[in-house]
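> what follows is a predicted protein model with its sequence.
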Amino acid sequence: MADLDVLAPDSGRLAERLARLSEYHDSTLPGWSREVFSESYRASREWTRSLFAEAGLNPTVDAAGNIIGRLPGRAGGGPALVTGSHTDTVQNGGRYDGIVGVLAGVEVAQRLRETGTRLDHDLVVVDFLGEEANEFGISCMGSRAVAGTLTADHLDRVDGTGLRLGTAMERFGSDPDAALGQAWGPSDVHGYVELHIEQGPLLERSGHGIGVVTAIAGIDRLLAHFAGRTGHAGTTPMGDRHDALVSAAAAVLTVERIACGAPVHGVATSGHIQSTPGSMGVITDQARLWAEIRSVDGSWLHGARRQIVEEIAAETRARGVELDVEWLSDQDPVPTAEAVRDVISGAAEGLGLSWRAVPSGAGHDAAHLARLGPMGMIFVPSVDGRSHCPEEMTAPEDIATGTHVLAATLVQLDKSPARAL
Ligand SMILES: [Zn+2]
């Protein structure tokens, strides 16, 4: 595959850019914090924009605040090949999540230009605004705007200080109202491919350098309210109690147990418990539990959701505690396109690399882009499976390998007629 060998990335340049971008972080916070709308994020995106320009991508910033670069193809317009990811981080986050996908997209475009390789389709590289979940309770803001799923209700959400999301976007220089009307259509996208770090341990454990993502997990989030009866902790016999906190604690174990039985991929996490009165010497009468379940298997997810409610209800009833379960959100799994998966695995094999199929337990911009065209994702290994923490790490050679597979995938998709995808 001689024509693909010339597209091998400049791994030194990639590593240097990764290091450079990591310099933009909030020094008052731990880790590599660069949260959406922060000063460090604003400053970093000035740099990212200049990088897009340096690579010949003629960047523009859309109404939502996405940085969009375009390398024109021979066909002169029409549906584009799209790649990208995000450069915001969670608080106390790492240096690779999202960042690898944006810098790899820029590197592929730059290598195409440097080698005089012209694709038929335009290649569009995007740094999507604010992918990580934020104080407004919304993730993937930029990719939602592109996919047409950012809504006026989202813009009215407020953070802990009462600030509207729409106002925060305006202050950041975006035009939120225009962002609601700027969705792309299916005729804009020939295919979307995102390179991302795995953020889990599967690739490292099995010794595969490349992961071909099967689907992006669906997520169901619940808030369970437990109402019991308060009383004296010293004088109320154990058999006479209706302890809301004990019911919530039992529910935590139920949520965990049900996910442990998932056949394909299933995880469940209880994130937070709040209880009142919350003092020593007093039996708890009110408790609230926030939990979520995720899976790439939609039928398991639906079954688990029903089972969790049934089992928590039975346990709670046995303690004489009242239960009310509220589902805060439910998001179906998003499968990747089979044809794109085949192109990615073929590209890996063509470069002599070992690959395996992997689920994505994390959400990604790609889940939203899937509304616009055939979507695929390439994963590279995360050291120790760690992510969303300062220790997050992917080896430079794995990033270079993943970037090469991204290039080979885009070149092959460029040759694939739309009806084949
Ligand atoms: Zn990410």
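Yes, it's here.

> Ala233 and Gly278, how far apart?
The gap separating Ala233 from Gly278 is 13 Å, by C-beta to C-beta, to the nearest Å. Just so you know, the C-beta spots here come from the backbone N, C-alpha and C atoms, and that holds for glycine as well.

> who has more neighbours out of those two?
More crowded of Ala233 and Gly278, by other C-beta atoms under 10 Å: Ala233, with 14 against 11.

> contacts only, for Gly148.
Neighbour list for Gly148: 183-184, 371 [criterion: C-beta atoms under 8 Å, 6 or more residues apart in numbering].

> hmm, try it at 7 Å
Listed by C-beta atoms under 7 Å, 6 or more residues apart in numbering, the contact set of Gly148 reads Ala183.

> next, the residue of the stretch 51-200 of the chain found nearest the ion: phi, psi?
Across the stretch 51-200 of the chain, the shortest distance to the ion (C-beta to the ion) belongs to Gly98, at 3.8 Å. Here is the backbone geometry of Gly98 (degrees, to the nearest 10): phi 80, psi -50.

> element containing Asp220?
Per DSSP states H and E, Asp220 falls inside strand 218-227.

> for that strand, packing partners?
Contacts defined by 3 or more C-beta pairs under 7 Å, 6 or more residues apart in numbering; DSSP states H and E place strand 218-227 against helix 244-260, strand 286-295, helix 298-318, strand 322-331.

> contacts for the third one next, please.
Helix 298-318 has contacts (C-beta under 7 Å, 6+ apart) with 218, 220, 224, 226, 247, 250-251, 254-255, 258, 262-264, 266, 293, 295, 323, 325, 332-333.

> any stretches of the chain with poor pLDDT?
Along the chain, the model assigns pLDDT under 70 to residues 1-2.

> the ion contacts on that one?
97-98 (C-beta under 5 Å from the ion).

> what domains does the record give for the chain?
11-217+333-420, 218-331 (automatic domain parsing).

> name the helix or strand for Ala53, please.
Using DSSP H and E, Ala53 falls in helix 39-54.

> an error on my part: the question was meant for Leu112.
Counting by DSSP H and E, Leu112 is part of helix 99-114.

> next SSE after that helix?
Following helix 99-114 toward the C-terminus (DSSP H and E): strand 123-128.

> what packs against the following helix or strand past that following strand?
Downstream of strand 123-128, the first helix or strand assigned by DSSP H and E is helix 141-147. For helix 141-147, the elements it packs on are helix 365-369, judged by 3+ C-beta pairs under 7 Å, 6+ apart.

> the helix it packs on - contacts with which helices or strands?
strand 80-86, helix 141-147, strand 189-197, strand 375-380.

> my read: Gly84 touches Leu123, true?
No: checked against C-beta atoms under 7 Å, the pair Gly84 and Leu123 is beyond contact range at 10.5 Å.

> comparing those two, which shows the higher neighbour count?
Gly84 (30 against 24).

> and that one, what is it in contact with?
101-102, 105, 125-128, 194, 365.

> of those residues, which is the most crowded?
Highest count within these by other C-beta under 10 Å belongs to Gly101, 34 neighbours.

> Gln274 - that's part of a helix, no?
No: using DSSP: H, G, I helix; E, B strand; the rest coil, the assignment for Gln274 is strand, not a helix.

> next one: it from Ala248, what distance?
Taking C-beta to C-beta, one finds Gln274 at 9 Å from Ala248.

> what do the two both touch?
Ala287.

> those two - which one has more neighbours?
Ala248 (27 against 14).

> next one: the more buried one from Ala227, what distance?
Distance from Ala248 to Ala227, by C-beta to C-beta: 11 Å.

> and for Gly385?
On the measure of C-beta to C-beta, Gly385 and Ala227 end up 39 Å apart.

> quick one: contacts for the residue of the stretch 251-400 of the chain found nearest the ion?
In the stretch 251-400 of the chain, the residue that lies nearest the ion is His364 (6.0 Å; C-beta to the ion). Residues near His364 by C-beta under 7 Å, 6+ apart: 194, 196, 216, 377.

> could you rerun that using 8 Å?
Per C-beta under 8 Å, 6+ apart, neighbours of His364: 85, 131, 140, 194, 196, 216, 377.

> ok, the first one - how many residues close by?
With neighbours defined by other C-beta under 10 Å, the count for Ser85 comes to 27.

> please apply the same query to the fifth one.
His196 is flanked by 29 other residues according to other C-beta under 10 Å.

> so Leu21 touches Gly98, yeah?
No: under the criterion of C-beta atoms under 8 Å, Leu21 makes no contact with Gly98, lying 10.4 Å away.

> the more surrounded of these two?
Higher neighbour count among Leu21 and Gly98: Gly98, with 24 against 20, using other C-beta under 10 Å.

> let me see the contact set for the more buried one.
85-89, 131-132, 196.

> name the nearest residue to it, ignoring sequence neighbours.
Excluding the flanking residues, the one nearest Gly98 by C-beta to C-beta, 6 or more residues apart in numbering is His86, at 3.8 Å.

> separation between the one you found and Gln182?
His86 is 18 Å from Gln182, by C-beta to C-beta.

> can you name the residue of the stretch 201-350 of the chain nearest the ion?
Ile216 (11.1 Å).

> quick one: that residue and Ser360 touch, right?
Yes: when contacts are counted by C-beta under 8 Å, Ile216 is listed as touching Ser360 (4.6 Å).

> mutual contacts of the two, please.
296, 377.

> contacts only, for Ala217.
Here Ala217 is in contact with 265, 267, 294-296, 333, 359-363 (C-beta under 8 Å, 6+ apart).

> then Leu103?
Contacts of Leu103 (C-beta under 8 Å, 6+ apart): 14, 17-18, 21, 51.

> looking at this, Thr401 is in a helix?
Yes: assessed by three-state DSSP, Thr401 belongs to a helix.

> on that earlier part again, so what's in contact with Leu21 and Gly98 at the same time?
Going by C-beta under 8 Å, 6+ apart, residues that sit against Leu21 and also against Gly98 are Thr87.
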